[in-house]
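1. here is my input; please provide its structure:
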Amino acid sequence: MNITTVETGIILIVDDNPNNLQILSDTLIDTGWKILFAINGESAIAQAEYACPDLILLDVVMPGMDGFTTCDRLKSNPQTCDIPIIFMTALSDTVDKIQGFSLGAVDYITKPFEQEEVIARVKTHLKIRNLTKQQQIQNQQLRAEIGERLAVQAKLQMLTQDLEQRVEERTSQLSQTLHNLHQAQVSLVQREKMSALGELVAGIAHEINNPVNFILGNLSHASEYTQSFIDLLNLYQEYYPQPVAEIVNKLAEIDLDYLIDDFPAIISSMHKGTKRMAQMIHALRYFSCRDDSIAQPIDIHEGIDSILLILQYRLQANPERPEIQVIKEYENLPLVTCFLAPLNQVFMNIFINAIDAIEEVFFNNDLALSHYQGQIRIRTNFNEQYSVVTIQIADNGIGMTPEVKQRLSEPMFTTKPIGKGTGLGLSISRQIIEEKHKGNLWFRSEVGEGTEFWIEIPIVRN
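-> From the prediction side, this is the model:
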């Protein structure tokens, strides 16, 4: 199969399975890309440092150093941290894929491999990689031009006020151009990530929704049938109290009384668990809604509850800390006309940062308290006079220093280790609330006293 490729680059494929390496090699052989191979994490790290590939296809499950550890090592190394990584994993490994994105991966390829999908995803991320490099060159050129302009301005101090004004205007235009280019780059990177994550979540939710509904629908019948069998057995015991010896032995062997008591409880537990799975699927599908081109009336509380349900695994107790308590103080709110997917992204960013801040308390000996209880408090309010909905999200986490608060809105600024945060959260959230929804977003935070965010959104966009 002859394949024409526009983007050039070096691709490093990391997989301990020779068959997978052969399949990927056959898929990419006619593309014109230079292909490198590694069969374990250590070899991948060494080749990445030496060859500086433009893209890495990384298997999750490998002996010794797995894909997650390898990704974390690569993202922690200044020499390789900017190389985009695509994980290779099975379609059912939802938690693995989400963990991969949190470590800094840009995409995933599902097994078994589809040739068109592999080539399409590789071409997309090579294009993004090349655009990023071009963007860096343009930024350097713009910074150099600004520097030259400032130097000229210093030499022409004695010129007339009119000339100085024109120089200042030109400098301001160049600065705005640089800012716009930077913002465009930030939006492009975040849009690609959220698009890939939304596609993943929607696909997984779709795949498991039908079997879960099938199980949930049949459990009620199973419960009725079970009760019918139990009633029948009770009638047999009432009207035939003296069964034959073989039945007596079997009753003693299976402990019929215990089965009659326990089996309905098992059916009930299965029904509760399956119902919770159905709720989780609904939350995932709600979160993965990717149509952000049209504003529509939505229930703000449903969006918040869906995000909290998705993050339940991080809120529950673990060996490092007790459960994080979520306190909801909801008022009756009207439907708010907004863009669902971007607004869900804002809530997700704030809740993840709140959880991280609470967990940080347990790793800080100066702030750790013996009876400390992590809490996230959510308040909602509707101001009828101004037709505005307000959402307050407060945590009692570690809080922020004045230096962090001052830089928090800068794109690419983050206090988290490499691979755990992109530094895009608050910058993107502010754009979504203030530019896309014509609302307001602000926060208050003090070290040791936690952080509180205010989100203000008009119920109808003007």
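
2. what's the mean pLDDT across stretch 45-62?
-> In this model, stretch 45-62 has an average pLDDT of 89.

3. ok, residues contacting stretch 147-157?
-> Stretch 147-157 is contacted by residues L163, E164, V167, E168, R170, T171, L174 when judged by Cβ atoms under 8 Å, 6 or more residues apart in numbering. (Each C-beta comes from the backbone N, C-alpha and C, glycine too.)

4. buried residues in that stretch?
-> R149, Q153 (16 or more other Cβ atoms under 10 Å).

5. picking up where we left off before, just the contacts of stretch 147-157 now: which is nearest I455?
-> Nearest to I455 among the contacts of stretch 147-157, counting by Cβ to Cβ, is L174 at 33.6 Å.

6. so which of the contacts of stretch 147-157 are in helices?
-> Counting by DSSP state H, the members of these that fall within helices are L163, E164, V167, E168, R170, T171, L174.

7. element containing the closest residue to the fifth one other than its chain neighbours?
-> Closest residue to R170 in three dimensions, ignoring its sequence neighbours and counting by Cβ to Cβ, 6 or more residues apart in numbering: R149, at 6.6 Å. Using DSSP states H and E, R149 sits within helix 115-155.

8. now do T110
-> In this assignment (DSSP H and E), T110 forms part of strand 107-111.

9. now swap in P78 and tell me
-> For P78, there is no host helix or strand (DSSP H and E).

10. that one: what's it in contact with?
-> Not one residue lies near P78 by Cβ under 8 Å, 6+ apart.

11. and it, how close does it get to E49?
-> P78 is 11 Å from E49, where distance means Cβ to Cβ, to the nearest Å.

12. picking up where we left off before, neighbour count, distance to G104 and pLDDT added to the ones in helices among the contacts of stretch 147-157, as TSV?
-> Below are the ones in helices among the contacts of stretch 147-157 laid out as TSV (neighbours: other Cβ atoms under 10 Å; distance: Cβ to Cβ, whole Å; pLDDT from 0 to 100):
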residue	neighbour count	distance to G104	pLDDT
L163	12	48	67
E164	14	46	70
V167	16	42	70
E168	12	40	79
R170	15	38	79
T171	16	36	79
L174	15	32	76
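
13. any idea which of these is closest to E114?
-> Of all those, E114 sits closest to L174, with 45.6 Å by Cβ to Cβ.

14. without its sequence neighbours, what residue ends up closest to the closest one?
-> Among residues not flanking L174 along the chain, I146 sits closest, at 5.3 Å (Cβ to Cβ, 6+ apart).

15. pull the number of nearby residues for that neighbour.
-> If you count neighbours by other Cβ atoms under 10 Å, I146 ends up with 16.

16. likewise V118?
-> Neighbour count for V118, taken as other Cβ under 10 Å: 20.

17. go ahead and confirm it touches S25.
-> No: with contact defined as Cβ atoms under 8 Å, V118 does not reach S25; the gap is 11.1 Å.

18. helices along the stretch 201-350 of the chain, start to end?
-> Along the stretch 201-350 of the chain, the stretches classed as helices by DSSP state H, counting those that start in this stretch are 245-254, 256-287, 300-310, 312-315, 340-361.

19. whoops, I mixed them up, the stretch 351-462 of the chain
-> For the stretch 351-462 of the chain, the helices defined by DSSP H, counting those that start in this stretch occupy 402-407, 425-430.

20. closest one to V95 among those helices?
-> Set against V95 and scored by Cβ to Cβ, these come closest in helix 425-430, at 21.5 Å.

21. same for the closest one, what does it pack against?
-> When contacts are defined as 3 or more Cβ pairs under 8 Å, 6 or more residues apart in numbering; DSSP states H and E, helix 425-430 sits against helix 161-239, helix 340-361.

22. returning to that earlier point: what is the nearest of the ones in helices among the contacts of stretch 147-157 to N20?
-> Closest approach to N20 among the ones in helices among the contacts of stretch 147-157 (Cβ to Cβ): L174, at 48.8 Å.

23. care to break the protein down by domain?
-> What automatic domain parsing lists as the domains of the chain is 10-125, 205-286, 293-458.

24. name the helices or strands packed onto the strand holding T110?
-> strand 85-90, helix 115-155, helix 161-239.

25. for the first one, buried residues please.
-> Right, strand 85-90. Here strand 85-90 shows I85, I86, F87, M88, T89 as buried, counting by 16+ other Cβ under 10 Å.

26. and the least confident of those residues?
-> T89 (82).

27. closest one to N17 among the helices and strands packed on strand 107-111?
-> Here strand 85-90 is closest among those (Cβ to Cβ), at 9.7 Å.
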